[in-house]
Every structure is written in structure tokens, then in C-alpha cells.
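Colleague: Take this sequence and fold it.
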Amino acid sequence: MIFSLITLIIVFILLILAVSRWKVHPFIALILAAIGLGLCLGLGGTKTVEVLLQGFSDTLKWIAIVVILGAFIGEVLQETGGAFRISDTVIRWVGERKLPWAMGIIGYIISIPVFVDVAYIVLQPVTEALAVRIKKPILVVGLALAAGLTVSHTLIPPTPGPLAVVSLLDAQIGRLLFINAFVGAFAMVGGIIWASYFCKNFRIPYDDELLKRSEFTSDQEKFLSKKQSVLLDLAPILVPIFLMAFGAFFPKEEDIIGSILSLISTPVIAVLIGAAIAWLQVNKASQKASESQLVERAITKSALVIMITGAGGAFGYVIRESGMPDGLVGFFSDLPFLGFLLPFLIAALLTSVTGSITISLIGSASIVGPMATSLPYSAEMMAALIGCGSFCVFHANASFFWLLNRLHKVPVHTLYNTYTIQSLVMGISGLIGVAILWILGIH
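Modeller: Below you'll find the predicted structure:
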């Protein structure tokens, strides 16, 4: 097990050096890292390739079409001026200083029914427009949004991970919601503070690109002066989110209506409907670019995002299929001095190794569930500890890491200094929330 851990650390170091120092393209670096790790961990050549291809396809089968459709919506919002009108409205409502907090709260609400990656992709054009309007680095606004998205995805049912934890720990969902909402607030505050105050100095070349692309010209002045309801601009974003939320909160009956609800609430179909609404808006306005040109732009911009995200998913999949996470967790579970923090540490270990929140939640709950009677707190507090640990830490084996890398062209070393540290800050902040509840007598 020590050999496996050392091997993993060496591969991570080589991956970081390859991308940041040796300038190897992330796609090639991730594929080579996955193959090398699989061979070193004893999967064998054929099995390693099979697992890599399965991980790549499993990642892309739900994200590829969504990314392209989301990029098309973004192109339409840029072409019609919708992104500028939305950003102007948001800033007038909340003000520039409170914008990161507003983005965090928006993310917190949206990600209860919608997966983090999908929600971030759909909101990308607005996030970028807002960053330009308040003259802040994209990472300030983007990571504030990511903080809210991640918290509800990790802690609040009906997201699949938290629901699985409720079942595995036999927890009371009402009490768990109360505890996790309190703990989640601490985690989100920690993430937003980190994004607002510690990421403001991380200006990247993409920020200048956005600024140049969005200079306040007479065309944009015309967009803002156009008498169009901002709700129409928001429709391609809000309708998919509403449809996905509707499918998450309402049971699907086995009849025609239930089948239709099940279909339109899936991310691909929901975002496709949003893209259709955006297409109608292009037809209504006299634009320089046609629908076909906007689709081609979206596909061109999405190709790198899709490929690198798929490679990141494949890398994480190889790690998971090697069996190493179970061995590492078993090794640390046998250390008696971990005591109170055992669920937190196991979840943190699984997230760091696999890059998957859902796997971390389910794996940790499965491991510590049988120990519930010997630990000094309730199943609901155990779930909160698992959730906090599941924030720590995201890095090169997490698909969202590479999504940020490609969507905003964020250098890998910058993501380690911002996004990775933010995830650690969120985990520790949530742990502080757990400690406060413990002091107040809520066990």
C-alpha cells in the first residue's frame, strides 16, 4: 500500500511538471499519466487501456453534448447582447461589492437539482460578463459561483451523493438537512472569502482577452439600451435549470406524462430546449452571425474542453479501478488515534485520490457506517463530517479542474494556487461549523 501511495504521488508530480514546466499538452499528459499509473499499479496493459477508454467514454457521454449546447447558448448571449443586459441587471440589484456573495448563493440554489459541471457551463457567459463589468479576475466570480455549486452538490439532498449517505447511514433526512445546511453555510462562506480576497491578485491572460472582447462599444451601448426584458435573455439559462429541478423534485410516474417529464428533465434534453429558445432569439434579432456560424463557433470552442475533461475523467477512473482507494482507506481506518475525525479524513482521502465527490460520499459512508455505534456522534453529524471531507481536495484528477482550465484558459499552476486551496479552505470551514454544533450540544 505504501508503494501504491508513493507511486500515485510521483505520477501526480510528473503530471504537474509535464503540464506546467515541460509544456506538454494537458490531454497528452493526462492520457500518459493514466496509462503509466495503471501499469505501475498492476492493472496490466490491456486492462489499463480498457479502463482508460471506459472512464473517458463515461465522462463524455453526459458532458459532451451539454458542453456544446451550453457554448451555443453562450454564443447567442454574446451575439444578441443578452450577457451584457443580464450582467448589468445583476450589478444594479446587488452591487459590485456583494457580487461574489450573490454568485455563491445563486450556485447554492441551482446546484441542488443540477450537477455542478452542467450548472457552471450554462452560467459561463454570465459569469464572464459579470467579471468584465466589475473589473475583477474571472477566478473571483467563477470560484465564488463554484463554492455555492459545490456545497449544495455535496451536502444537500436530493443531490444523489447526499441521498446515498442518508440511506447508507440510516440518517433522519430532516435533521440531516438542518445540520448540513448550517455546516454548508460555513463551507460556502469560507470558499467565497477565499475567492474574493485571495484570488483577486490572480489575473490571467484570459481576463485581458475578455476585456478586449467586451470593450464598451457603441454596439454594446445599443444592447443595453434595447428595450428587452432581461427575463427573455435569461430564458435559455433558467428554463433548463427549471426543467432539471422539476425532474429532481417530482417523482416520475410510469405513464406517458411521467415518461415525458423524465425525458425533458435529463440534462441533455433540458439544455437542448434552452438552446432552442436561444435559437429563436437569434432569429428575432438582426445579427451579424447566422445560427450555423454560432453552432460552429460553439463546437470549435468546446472541442478542447470536452477532450481534456474526458482525459481528466479517464485518469480518475484508472485510479478508482486500481483498487488503491479501498486499500488506502482500510490502512487509515486501522489507525485508532484518528478518532473523532475519522469520517472527515476518510472522505478527504477518497476525494484527493479519486477526484469524485459522489464516490467520496458513498465510499466513506459505506466504510464508517458499521462504526456508527462506536463513534461519539449521531449519523447526521457523521454525514456532515463526511461532507466536509469530500471538499478536500480537488486537483488534476477532478474533471471540474480541467473544465475550469479550458473554459477560462486558467494555467494549471494557477488552479492549484486558487481552486485546489479553495477546496481545502471549504473543507476546514465546514469542519468549524461541525465543531460549533458540537459545542452547542448538537451531536
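Colleague: only C-alpha atoms for contact and neighbour calcs from this point on.
Modeller: Fine.
Colleague: any idea where the strands of the stretch 251-400 of the chain begin and end?
Modeller: When assigned using DSSP state E, counting those that start in this stretch, the stretch 251-400 of the chain turns out to have no strands.
Colleague: all helices of it, in order?
Modeller: Applying DSSP state H, counting those that start in this stretch to the stretch 251-400 of the chain gives helices spanning 256-264, 267-284, 291-321, 324-333, 342-354, 357-368, 379-389, 399-407.
Colleague: Which of the ones you listed has the highest mean neighbour count?
Modeller: helix 379-389 (a mean of 29; mean count of other CA atoms under 10 Å).
Colleague: what does that helix rub up against?
Modeller: 154-155, 165-166, 169-172, 175-176, 179-180, 183, 187, 341, 343-349, 351, 361, 364-365, 372, 426-428, 430-431, 434, 443 (CA atoms under 8 Å, 6 or more residues apart in numbering).
Colleague: by how many degrees do the helix ranked longest in the chain and helix 267-284 diverge?
Modeller: Longest helix in the chain by number of residues (criterion: DSSP state H): helix 45-80. Angle of helix 45-80 versus helix 267-284, following axes from the mean of the first three to the mean of the last three CA atoms, to 10 degrees, is 30 degrees.
Colleague: Following element in sequence after helix 45-80, please.
Modeller: The helix or strand immediately downstream of helix 45-80 is helix 82-94, counting by DSSP states H and E.
Colleague: What are the neighbouring residues in contact with the residue lying closest to Ile156 once chain neighbours are set aside?
Modeller: What sits nearest to Ile156 in space, not counting adjacent residues and going by CA to CA, 6 or more residues apart in numbering, is Pro162, at 6.1 Å. By CA under 8 Å, 6+ apart, the contact set of Pro162 is 153-156, 361.
Colleague: Ok, Gly312 next?
Modeller: Here Gly312 is in contact with 30, 56, 396-399, 402 (CA under 8 Å, 6+ apart).
Colleague: same thing with Arg320?
Modeller: 353-354.
Colleague: if we go to 6 Å?
Modeller: Residues near Arg320 by CA atoms under 6 Å, 6 or more residues apart in numbering: Thr354.
Colleague: Check what pLDDT it gets.
Modeller: The model reports Arg320 with a pLDDT of 76.
Colleague: Lowest average pLDDT across the helices of the stretch 251-400 of the chain?
Modeller: For these, mean pLDDT drops lowest on helix 324-333, to a mean of 62.
Colleague: quick revisit: pipe the helices of the stretch 251-400 of the chain into a markdown table and attach distance to Gly148 per row.
Modeller: Output for these, formatted as a markdown table (distance: least, CA to CA, whole Å):
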| stretch | distance to Gly148 |
| --- | --- |
| helix 256-264 | 25 |
| helix 267-284 | 19 |
| helix 291-321 | 21 |
| helix 324-333 | 27 |
| helix 342-354 | 18 |
| helix 357-368 | 14 |
| helix 379-389 | 14 |
| helix 399-407 | 14 |
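Colleague: what's the closest of those to Val126?
Modeller: Comparing the helices of the stretch 251-400 of the chain against Val126 with CA to CA, the closest turns out to be helix 399-407 (12.9 Å).
Colleague: which ones are touching His395?
Modeller: Thr420.
Colleague: What are the phi and psi values at it?
Modeller: Taking degrees, to the nearest 10, you get phi -150, psi -140 for the backbone angles of His395.
Colleague: Could you give the number of residues near Leu341?
Modeller: Leu341 has 15 neighbours, counted by other CA atoms under 10 Å.
Colleague: Cys392 contacts Ser423, correct?
Modeller: Yes: under the criterion of CA atoms under 6 Å, Cys392 makes contact with Ser423 at 5.5 Å.
Colleague: Not counting residues beside it along the chain, what's closest to the residue nearest the centre of the chain?
Modeller: What sits nearest the mean C-alpha location of the chain, by CA atoms, centre = their mean, is Val116, with 3.9 Å. Leaving aside its chain neighbours, Val116 sits nearest to Leu149 (5.6 Å; criterion: CA to CA, 6+ apart).
Colleague: Just want to check the distance between that neighbour and Gly316.
Modeller: 21 Å (CA to CA, to the nearest Å).
Colleague: Same question for Val189.
Modeller: Counting by CA to CA, the gap from Val189 to Gly316 is 28 Å.
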